[in-house]
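Chemist: Following is a predicted model, sequence given first.
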Amino acid sequence: MIIKRAKYAGFCFGVDKAVKTAFDLNYDGNVYTLGELIHNRQVIDALEQKGIKVLESIDQLKEGDCVIIRAHGIGKGTYEALNSRKVKVIDATCPYVKRIHEIVKAQNEDGCRIVIVGDPTHPEIIGINGWCEGKALIISDESEVEQLPYSDEKAVTVAQTTYKRAKYEEICELLKKKFAFVIKFDTICNATVQRQTEAAELSRNVEVMIVIGGKNSSNTQKLYEICKENCSRTYLIENADELPLFDKNVKTVGITAGASTPEAVIKEVIFHMEDMMHGHEGEIDFSKALEMTFNELKTNEVVQGKIIGYNNNDVFVDLGYKADGLIPMEEFLDDPEFDPEKDLKPGKEIEALIVKINDGEGNVLLSKKKVDSIRGYELAEEAYKNGTPIEAVIKEIVKGGAVADFKGVRIFIPASQLSDRFVKDLTPYQGKKVKLVITEMANRRRVVGSCRTLIEQEKAEKSETFWNEVEVGKEYTGVVKSLTKFGVFVDLGGVDGLIHISELSWKKIDDPSKVLNVGDTVTVRVTGIDKEKKKISLGYRKAEDNPWYNIENKFKVGDVVTGTVLRMVPFGVFVELEEGVEGLVHISQISNVRIGRPDEVLTIGQQVEMKIMDINPELKKISLSIKEVKPIDPVKEDEPAAEAAEEELPTEHTEEMSNTIGDILNEKN
Ligand code: SF4
């Protein structure tokens, strides 16, 4: 028997895109699909396992939930309702369906009568009608056109993307007799046309035709109708379990599948048919072979069973056979997330490969690992074909790189592809879960992967987002990457920024390592952006840490305070009131008698009591007086020198002096 598989069978572009969108989605919150994403139970179950549930009504949504719009699309009103609920909308509407929405919207606004040819209950049609205020005339077959009265309106026709082309043409011809003017838009999807044309051709040239797909999928139903017209022995099945029994004289079987049928289901059907043929070619007809699978087991066959129980050495499986199956427990132990309570629950279905029909003790020896490896290889092939990232665990460090395990498939990662930086010692990678893309897949023994491609891709994406969103004043959390004499480089997640040494602390520091070290996590503020040169300046010190911040709340004019003499200048002394806050005692405010120099009565480090005479937070200036509290008179008098000094020095806190003081303070800060 020859099996002929249609080239255009299975997921179409739109469905594939929607399914990938859903499986790739990482959302921190509830995720729903508005109706079933596709008409396939296995995919819906897999999505449910990922936490993506099917939404019956948008009334169930709460603010912050996420909803995926399936390939069929929705009407304008539904978008508005979703937006008003403040939910995140992931729009996976097929671009071909979107095009129909645009046509219908524009033509309706132009005052045309919209005619949609298709099934009025199909979500795609309901969605399209939602773009012309629900006013479209929906025609599902020729008889409905015949009953229409004549109208002098201008009609614009669009068809359901999966509608049969020949039928659409006929309906449009009839519509021309019912409307004064008809404009026909060809909206039947090419994927559908290709699939239907090929299925028609194939079904003409085989004895039995199998159409795989959901019974409630309209495109599958149409495929079935087309094939049935050409081949009376056409069967519509959802999966391999529904394969019909053929007689032994059947020589050719054709297979096609609807747009919602996953590749795995098609393969499973073909696998079942091939398996029967090869096992008994020339001896037994297909129907008998099919029956045999229910009664007999064969070595190397993949079987489905139910877990009965387990002990330390084996897991027992009911195969519906006279003997039970055994899977060695060690096959489960490689999985770090293995939980016997959950994974080996009695009644749970399990797939395994028959290693031996009789292990010597009357049990069927099974292997789960081998099935995982077969399935893993299929998944790896798919990931390679689509460039989809996968997660694998590094099992071995070998010469020139590492070997990662992905569902039983060994993937070699060259050392240069483990990271986007040079890694000298690969041992820390042992046992780690890494994300990678498969870059080469010649056969099962030569699968090569790269983490670096993904890391660089993610960094580039993050960098683009960063540069689009960055603003002066925005805060980021980053990690200190390196220290230099003039500052600290911080990795903000794909983009590096510089904290200049002066922005590290309010105190004057000469070494950035006094504040930060490589690896520290820091919160920084953007102080400057140069998008052309891709440079970011950052601030680290906080306004509230500035000792002058809210100085008026700490010190008031008239307060008597104690401080330490820090420096002396000819016109007075600088006294530290607290770390980072200094004030000036003018020479005239030290003593009641004239003194020539401050060091005649004071020494560096001396504690003095003073009265606050003035505070200027903007200039960071505090004027103090010792003599207002307790004047300090010189022990030895040196009148001529004091007089001379008095003539040369200003007696008041002048503007010029403020500048000098400001300069000194700025230099200090
Ligand atoms: S059948 Fe065509 S229009 Fe419909 S989802 Fe698939 S690609 Fe899009």
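Modeler: Perfect, thanks for sending it. Numbers count the residues shown, from 1 in each chain.

Chemist: bridging residues for the residue lying closest to Gln589 once chain neighbours are set aside?
Modeler: Counting by C-beta to C-beta, 6 or more residues apart in numbering, Gln589 lies nearest to Ser625, which is 3.9 Å off, once chain neighbours are set aside. Using the backbone N, CA and C atoms, a C-beta is placed for each residue, glycine as well. In this entry, Ser625 is beta-bridged to Lys611, by DSSP bridges.

Chemist: burial measure for Ser625, as a count.
Modeler: Residues lying near Ser625 (other C-beta atoms under 10 Å) number 19.

Chemist: Over to the one 10 residues further on?
Modeler: One way to gauge burial is a neighbour count; for Val635, by other C-beta under 10 Å, it gives 7.

Chemist: For Val490, which non-adjacent residue is spatially closest?
Modeler: Nearest one to Val490, counting by C-beta to C-beta, 6+ apart, is Gly478 at 4.1 Å.

Chemist: follow-up on the earlier one: quick one: pLDDT of the residue nearest to Gln589?
Modeler: With respect to pLDDT, Ser625 has a value of 96.

Chemist: Tell me the strands beside the host helix or strand of the residue nearest to Val490, with direction?
Modeler: For Gly478, the element it lies in under DSSP states H and E is strand 475-484. Take DSSP bridges as the rule and strand 475-484 pairs in its sheet with strand 487-491 (antiparallel), strand 521-530 (antiparallel).

Chemist: what does the stretch 1-150 of the chain have sitting close to the ligand?
Modeler: For the stretch 1-150 of the chain, the residues in contact with the ligand (C-beta under 6 Å from any ligand atom) are Cys12, Phe13, Gly14, Val15, Ala71, Cys94, Tyr96, Val97.

Chemist: and what of the chain?
Modeler: Residues of the chain lying near the ligand (C-beta under 6 Å from any ligand atom): 12-15, 71, 94, 96-97, 161-162, 189, 191-192, 259.

Chemist: How about Val434: which residues does it bridge to?
Modeler: Here Val434, judged by DSSP bridges, has bridge partners Ala392.

Chemist: isn't it right next to Val403, touching?
Modeler: No: using C-beta atoms under 8 Å, Val434 is not in contact with Val403; the gap is 11.5 Å.

Chemist: Could you check which of those two has the larger neighbour count?
Modeler: Per other C-beta under 10 Å, whichever of Val434 and Val403 has more neighbours is Val434, with 20 against 16.

Chemist: What score does the more buried one have for pLDDT?
Modeler: 94.

Chemist: quick one: contacts for it?
Modeler: Shown in contact with Val434 (C-beta atoms under 8 Å, 6 or more residues apart in numbering): Glu391, Ala392, Val393, Ile394, Ala404, Ile413, Leu418, Cys451.

Chemist: For these, work out which two are farthest apart.
Modeler: Glu391 and Leu418 (14.5 Å; C-beta to C-beta).

Chemist: Counting neighbours, go ahead and name the busier of the two.
Modeler: Remark: of Glu391 and Leu418, Leu418 carries more neighbours, 25 against 11, as counted by other C-beta under 10 Å.

Chemist: For that one, which non-adjacent residue is closest in space?
Modeler: Leu418 sits nearest to Cys451 (C-beta to C-beta, 6+ apart), 5.5 Å away.

Chemist: what's the burial count for that neighbour?
Modeler: Cys451 has 22 neighbouring residues, counting by other C-beta under 10 Å.

Chemist: For it, give me its contacts.
Modeler: So Cys451 contacts Ile413, Gln417, Leu418, Ser419, Val434, Lys435, Leu436 (C-beta under 8 Å, 6+ apart).
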